[in-house]
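Chemist: this one's sequence-less:
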């Protein structure tokens, strides 16, 4: 790599705002994560509830969404919800696509959040529920005061995995015309095919930098929060 | 069993209350579905002419089946390639040489952190630029390479954590009867690890199949791309996407079911418990109720 190559490569970053593109991925992840966490918690409660129809509805949602490719869901949000049904979430074109993609990411990952929380519920020994019932708590108080707090702690590691998957999957928003990192990488390579390897590594490293700390943090958190039994 | 941890066998009063809540909840679910149908109808999305194309053979032979075939082709190639990749790097992570372990670990960690789409775009553009392949083959190769590097890395982790999940006695016994460390891995530990990991491997196959749909973004003519073409031709994009999604759901659900059945059957076949999990797998699917 001679100096000219490096200088030319660096000049690329004056023309293209790589950080702004990654910022879009981070924002997508943040909005989708909140949606997925709320929806996923509701689904998890439905799936562990004593009401058969709620259990069935929750299980059906998870089975359907988990087995559908995310790309189809994102394309559906943009071409279906917006294109065919005329659901508009913002007058601004870019913002509209961004919100539709965030919803697609959120509803998809909610299924995985639900499964992560359910695996957390599995870490709670049956004796805890029996004890809760023995002191007279019904389903709701037992779930809210005894089971779910422990389940969330047990679910930190799998929830971290969902978050990591979500960060990486935010690139799929490219299928919904959102200007994010993978789209910018494509544009940059089209513009400067001679430095393709360097461009790829910059973007790949960007995701490594985003993903690795989340993994380390959730692993250490899951150890610290683990309920000693 | 988790579904029944939270509540007791209900008494008569609780049972009556549950029936009421059950009916109410069912009504809410039905109401949501009804509202969705009304909205669809008001937008004219339930018109018969948008749905009848799926009853014609032309739709299937011209669009959906070729798309499905390309999806399955990419998935099959990626499954075989990532199996090889996973075995090689999984053994690399277990090697006695520190250098090999670190290199294999670095490769695996890197490819697990990079989005599959990013790799596919890179290979798509990189290989077209090299001009070594027929341009028509480039999207398939890019899809398979992207899927292989990511899922192969996950398989490598599965091999490693599967071996770590085995009881120590397995290796000790192998060494005692005179096998070398490498022979013990190849002949005793890895085969058991793979059987113990079958459920996790099977759920990763679902991931591979789903991720082939990313190929649509780099012009690979798989099922999603075929559905989009069909939809823009007939003006029924919503319906075409729905049918494509249903095809994916049916195949993946069958795969998951087969995996669950396999899991209960192989439970008794290893000395280790099959509880070991790859650390950052995108959530191993629990059984469906």
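Modeler: That came in fine, so what should we check first? Predicted, not measured: the structure shown is a model, and the values here were computed from it.

Chemist: When you work out contacts or count neighbours from here on, use the C-alpha atoms and nothing else.
Modeler: Noted.

Chemist: Can you measure across stretch A:171-178, start residue to end residue?
Modeler: End-to-end distance for stretch A:171-178: 9 Å, by Cα to Cα, to the nearest Å.

Chemist: Say whether chain B is contacted by that stretch.
Modeler: Yes - judged by Cα under 8 Å from any Cα of the partner chain, stretch A:171-178 and chain B are in contact via A:171-172, A:174-175.

Chemist: Low-confidence bits of the chain, can you list those?
Modeler: Answering for chain A, as no chain was given. Where chain A drops to pLDDT under 70, the residues are A:1-3, A:229.

Chemist: could you do chain B instead?
Modeler: If you take pLDDT under 70 as the line, chain B has these spans: B:1-8, B:267-289.

Chemist: how about the nearest residue to the residue sitting nearest the centre point of chain A, chain neighbours excluded?
Modeler: Nearest to the mean C-alpha position of chain A, by Cα atoms, centre = their mean, lies residue A:166 at 2.8 Å. Computed as Cα to Cα, 6 or more residues apart in numbering or on different chains, the closest residue to residue A:166 that is not its neighbour in sequence is residue A:29, at 6.2 Å.

Chemist: Please apply the same query to residue B:95.
Modeler: When the adjacent residues along the chain are set aside, residue B:95 lies closest to residue B:101, with 5.9 Å between them (Cα to Cα, 6+ apart).

Chemist: Correct me if wrong: the one you found contacts residue B:107.
Modeler: No - using Cα atoms under 8 Å, residue B:101 is not in contact with residue B:107, being 10.0 Å away.

Chemist: Comparing those two, which residue is more hemmed in?
Modeler: Counted by other Cα atoms under 10 Å in any protein chain shown, residue B:101 and residue B:107 do not tie: residue B:101 has more neighbours, with 17 against 13.

Chemist: what residues are up against the more buried one?
Modeler: Listed by Cα atoms under 8 Å, 6 or more residues apart in numbering or on different chains, the contact partners of residue B:101 are B:92-95.

Chemist: what residue is smack in the middle of chain B?
Modeler: residue B:207 (1.8 Å).

Chemist: Using the three-state scheme, assign it.
Modeler: Assigned state for residue B:207: helix (three-state reduction, DSSP: H, G, I helix; E, B strand; the rest coil).

Chemist: circling back to that earlier point, could you say which of the contacts of residue B:101 is surrounded by the most neighbours?
Modeler: Neighbour tally across these (other Cα under 10 Å): the maximum, 24 neighbours, falls on residue B:93.

Chemist: buried subset of the residues of stretch A:171-178 next to chain B?
Modeler: Buried by 16 or more other Cα atoms under 10 Å in any protein chain shown: A:171-172, A:174-175, out of the residues of stretch A:171-178 next to chain B.

Chemist: okay if I get those residues as a markdown table plus secondary structure and distance to residue B:69?
Modeler: Shown next, in a markdown table, are those (DSSP: H, G, I helix; E, B strand; the rest coil; distance: Cα to Cα, whole Å):
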| residue | secondary structure | distance to residue B:69 |
| --- | --- | --- |
| A:171 | helix | 26 |
| A:172 | helix | 23 |
| A:174 | helix | 25 |
| A:175 | helix | 22 |
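
Chemist: tell me which of those is nearest to residue B:199?
Modeler: residue A:172 (26.7 Å; Cα to Cα).

Chemist: The closest one against residue B:117, yeah?
Modeler: Yes - applying Cα under 8 Å as the test, residue A:172 and residue B:117 come out as touching, 7.0 Å apart.

Chemist: which residues do those two both contact?
Modeler: Taking Cα under 8 Å, 6+ apart as the contact rule, residue A:172 and residue B:117 both touch residue B:214.

Chemist: Give me the buried positions along stretch B:245-252.
Modeler: Of all the residues in stretch B:245-252, those buried under the rule 16+ other Cα under 10 Å are B:245, B:247-249, B:252.

Chemist: Just want the residue of the stretch 51-200 of chain B that's nearest chain A.
Modeler: residue B:115 (4.9 Å; Cα to the nearest Cα).

Chemist: helix or strand for residue B:153, which one?
Modeler: If you go by DSSP states H and E, residue B:153 is part of helix B:138-164.

Chemist: and that helix, what other elements does it pack with?
Modeler: Judged by 3 or more Cα pairs under 8 Å, 6 or more residues apart in numbering or on different chains; DSSP states H and E, helix B:138-164 is in contact with helix B:65-94, helix B:98-113, helix B:116-130, helix B:190-196, helix B:198-211.

Chemist: and with 7 Å instead?
Modeler: With contacts taken as 3 or more Cα pairs under 7 Å, 6 or more residues apart in numbering or on different chains; DSSP states H and E, helix B:138-164 sits against helix B:65-94, helix B:98-113, helix B:116-130, helix B:190-196.

Chemist: and the residue of the stretch 51-200 of chain B closest to chain A, what is it in contact with?
Modeler: Going by Cα atoms under 7 Å, 6 or more residues apart in numbering or on different chains, residue B:115 touches A:168-169.

Chemist: thought residue A:225 was touching residue A:155?
Modeler: No - Residue A:225 sits out of contact with residue A:155 when judged by Cα atoms under 7 Å, with a separation of 10.0 Å.

Chemist: re the thing from before, a markdown table please, covering the buried residues of stretch B:245-252 and showing distance to chain A and secondary structure.
Modeler: Below are those laid out as a markdown table (distance: Cα to the nearest Cα, whole Å; DSSP: H, G, I helix; E, B strand; the rest coil):
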| residue | distance to chain A | secondary structure |
| --- | --- | --- |
| B:245 | 6 | helix |
| B:247 | 9 | helix |
| B:248 | 6 | helix |
| B:249 | 5 | helix |
| B:252 | 6 | helix |
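
Chemist: State the pair within those that is farthest apart.
Modeler: Maximum distance among those (Cα to Cα): 10.4 Å, for B:245 and B:252.

Chemist: Mind jotting down where the helices sit in chain A?
Modeler: Residue ranges of the helices in chain A, as given by DSSP state H, are A:3-15, A:18-48, A:52-66, A:70-75, A:93-122, A:126-134, A:139-141, A:148-154, A:156-169, A:181-191, A:196-225.

Chemist: State the distance from residue A:225 to residue A:154.
Modeler: Distance, residue A:225 to residue A:154, by Cα to Cα: 8 Å.

Chemist: what about the two, which has more around it?
Modeler: The residue with more neighbours, out of residue A:225 and residue A:154, is residue A:154; 25 against 16, by other Cα under 10 Å.

Chemist: for that one, what are its contacts?
Modeler: A:120, A:123, A:226.

Chemist: My guess is the first one contacts residue A:157. True?
Modeler: I take that to be residue A:120. No - counting by Cα under 7 Å, residue A:120 does not reach residue A:157; the two are 9.2 Å apart.

Chemist: most packed of the helices of chain A?
Modeler: Each of the helices of chain A was assessed for mean neighbour count using mean count of other Cα atoms under 10 Å in any protein chain shown. The highest is helix A:70-75, with a mean of 26.

Chemist: and it, is it in reach of chain B?
Modeler: Yes - applying Cα under 7 Å from any Cα of the partner chain, one finds helix A:70-75 touching chain B at A:71-72.

Chemist: chain center to that helix: distance?
Modeler: The chain centroid and the centroid of helix A:70-75 are separated by 14 Å under Cα atoms, centre = their mean, to the nearest Å.

Chemist: Mind giving me the packing neighbours of it?
Modeler: Counting by 3+ Cα pairs under 7 Å, 6+ apart, helix A:70-75 packs on helix A:93-122.

Chemist: buried residues in stretch B:185-193?
Modeler: For stretch B:185-193, the buried set under the neighbour-count rule, 16+ other Cα under 10 Å, comprises B:185, B:188-193.
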